[in-house]
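Chemist: Have a look at this prediction, sequence included:
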Amino acid sequence: MNDIEDVIKRWGVPPVWKGEAITFEFKTASMDSYAAKFTIVDSNQTPLFTMDFFKPSDRFNSMGGDNRKIMELAFIHTHRPSDRKKGISTFYIRKLVDFCVQNGFQVIKLNVCADQQGIEGYSKENALNQEELIQFYQKVLDHPLMDTAEILVNNVNINAE
């Protein structure tokens, strides 16, 4: 088993899922590249939550003149509308923030997109709109030991406005 898989499994599950029979399924996981794409499924193999994050290559960052250690949160999704707004995304984002701090990352970067219609089974039911998502990420990604969270909308850094 990959070390990053162990790390993520040790994150556990949010209180709303305590006692449920759930499994972590990893599509990619590499501690060397600080990358993981995983889905949490229930006992019926129904997806509950998906998260995808990675460290962009140092070469790519340095080409843009950025020498900070950056983690990119590429994707996060709570699949069941009934599970939304129950702290699940907050739980896993805060685990990612702690992981980043422990591993010397200064920045978490993400591109906010409320319209996820390309995702199989996506439902807007009980979902946040674009402005609510931005406010959510600004709140949950704040950490005193990190430089910043680079929250992008259409690849434009809203923190720089």
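Modeler: Sure, I can see it.

Chemist: Least confident secondary structure element in this protein?
Modeler: strand 156-157 (a mean of 54; mean pLDDT, DSSP states H and E).

Chemist: distance of residue 53 from residue 46?
Modeler: The spacing between residue 53 and residue 46, counted by C-beta to C-beta, to the nearest Å, is 23 Å. All C-beta spots, glycine's among them, are computed from the backbone N, C-alpha and C.

Chemist: So if I had to pick from the two, which one is more boxed in?
Modeler: Between residue 53 and residue 46, counted using other C-beta atoms under 10 Å, the more crowded position is residue 53 (25 against 11).

Chemist: Touching, the more buried one and residue 92? I think so.
Modeler: No - shown here, residue 53 and residue 92 do not form a contact pair, counting by C-beta atoms under 8 Å, at 9.7 Å.

Chemist: So what touches the longest helix along the chain?
Modeler: The helix that spans the most residues within the chain, counting by DSSP state H, is helix 88-102. Outside helix 88-102, the residues within contact range by C-beta atoms under 8 Å, 6 or more residues apart in numbering are 7-8, 11, 13-14, 16-17, 48-49, 51, 53, 71, 73, 76, 78, 108, 136-137, 140-141, 143, 145-146.

Chemist: How far away from the center of its chain is that helix?
Modeler: The gap between where helix 88-102 is centred and where its chain is centred comes out at 8 Å by C-alpha atoms, centre = their mean, to the nearest Å.

Chemist: Now residue 107: closest residue in space, sequence neighbours ignored.
Modeler: Taking C-beta to C-beta, 6 or more residues apart in numbering as the measure, residue 107 lies nearest to residue 70, with 4.6 Å between them; neighbours along the chain are not counted.

Chemist: Give me the phi and psi for that neighbour.
Modeler: The phi/psi pair for residue 70 (degrees, to the nearest 10) reads phi -110, psi 140.

Chemist: Could you measure from it over to residue 78?
Modeler: When residue 70 is compared with residue 78 (using C-beta to C-beta), they lie 25 Å apart.
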